[in-house]
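Trainee: the sequence and its predicted three-dimensional model are supplied below.
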Amino acid sequence: MATDRPTAGAPVDPVDDPVLNDIALALFHLRRVWAKPDLMKRIRAQTSGGPGGRPLQLSNLMVVHAVAALSDCADGPEVTVGAVAERLEIDPSTASRLVGHAIDAGLVSRRPSPMDARRANLGLTDAGARVKQVAERFRLDYMRELMADWTPGERTEFARLLARFADAAVRSPMDPDGVDRIFEEAESE
């Protein structure tokens, strides 16, 4: 007797897998939560503005976190634009532009490299360190609020599984041509 169920170990079509659909939808909603303008408004309200009162942008926050992380774990004394590009997984020209905006906002400083005069050594300014501190406090307070009714075991298991998922995503990034194929396939049907 034939059934519509896949055999054990057989791949399940993701379109027919409600669990994968739930995960994909949850990840989409998470992206939207962190990209909401309210996040930046609240951070701006708790930090001093940069030179000329330039508004804080989400990209500034990304650069601040990258520079801070690289400063904390760098093997050498330098944090370069190239290292920021690698950390943010963006191309160097985009990183250069974003770092420039963070410098203009007064959050990141650029000094000549003591090792190579052609390179810049980046660091956080006092304002950048303050933005990082406020952003981290906001993020952790928000997560505490979301998980207030979770047990310590649930939080630990979620952290383990989320880290495992993130590691897998880093090891096997999504095919950048996938979006083009989505539209091509949709048009052909």
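Mentor: Nice, thanks for sending it over.

Trainee: and the one helix or strand E187 maps to, how far out from the chain middle?
Mentor: Per DSSP states H and E, E187 falls inside helix 178-188. Chain-centre distance of helix 178-188: 26 Å, with CA atoms, centre = their mean, to the nearest Å.

Trainee: try stretch 83-102
Mentor: 13 Å.

Trainee: that stretch: which residues count as buried?
Mentor: For stretch 83-102, a neighbour-count test (16 or more other CB atoms under 10 Å) marks A83, V84, A85, R87, L88, I90, A95, L98, V99, H101, A102 as buried. C-beta: built from backbone N, CA, C; applies to glycine.

Trainee: show me what the helix holding E187 is in contact with.
Mentor: Applying CB atoms under 8 Å, 6 or more residues apart in numbering, the contact partners of helix 178-188 are D175.

Trainee: which element, helix or strand, includes N121?
Mentor: strand 120-124.

Trainee: that strand pairs with which strands?
Mentor: Taking DSSP bridges as the criterion, strand 120-124 forms sheet pairs with strand 108-112 (antiparallel).

Trainee: name the residues of the partner strand that are buried.
Mentor: V108, S109.

Trainee: got the CA positions of that strand in PDB?
Mentor: Only the C-alpha atoms of strand 108-112 are listed here, as PDB (Å, rounded to 0.1, in the frame of the first residue of the first chain):
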ATOM      1  CA  VAL A 108      35.300  55.300  15.300                       C
ATOM      2  CA  SER A 109      38.800  56.800  15.000                       C
ATOM      3  CA  ARG A 110      41.300  56.200  12.300                       C
ATOM      4  CA  ARG A 111      45.000  56.400  13.000                       C
ATOM      5  CA  PRO A 112      48.000  55.600  10.800                       C
END
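
Trainee: what mean pLDDT does it have?
Mentor: Average pLDDT, strand 108-112: 92.

Trainee: quick revisit: quick check: the two most widely separated of the buried residues of stretch 83-102?
Mentor: Spanning the widest gap among these are A83 and H101, at 17.3 Å by CB to CB.

Trainee: check the offset of the helix or strand where E145 lies from the chain's centre.
Mentor: E145 belongs to helix 126-146 when assigned by DSSP H and E. Here the centre of helix 126-146 is set off from its chain's centre by 14 Å, with CA atoms, centre = their mean.

Trainee: packing partners of that helix?
Mentor: In terms of contacts (3 or more CB pairs under 8 Å, 6 or more residues apart in numbering; DSSP states H and E), helix 126-146 is packed against helix 37-45, helix 58-73.

Trainee: weakest of those helices in terms of mean pLDDT?
Mentor: Minimum mean pLDDT among those: helix 37-45, a mean of 63.

Trainee: what's around the closest residue to F158 other than its chain neighbours, how many residues?
Mentor: Spatial nearest neighbour of F158, excluding adjacent residues (CB to CB, 6 or more residues apart in numbering): W150 at 7.4 Å. For W150, the neighbour count with other CB atoms under 10 Å is 13.

Trainee: what do you get for V134?
Mentor: 18.
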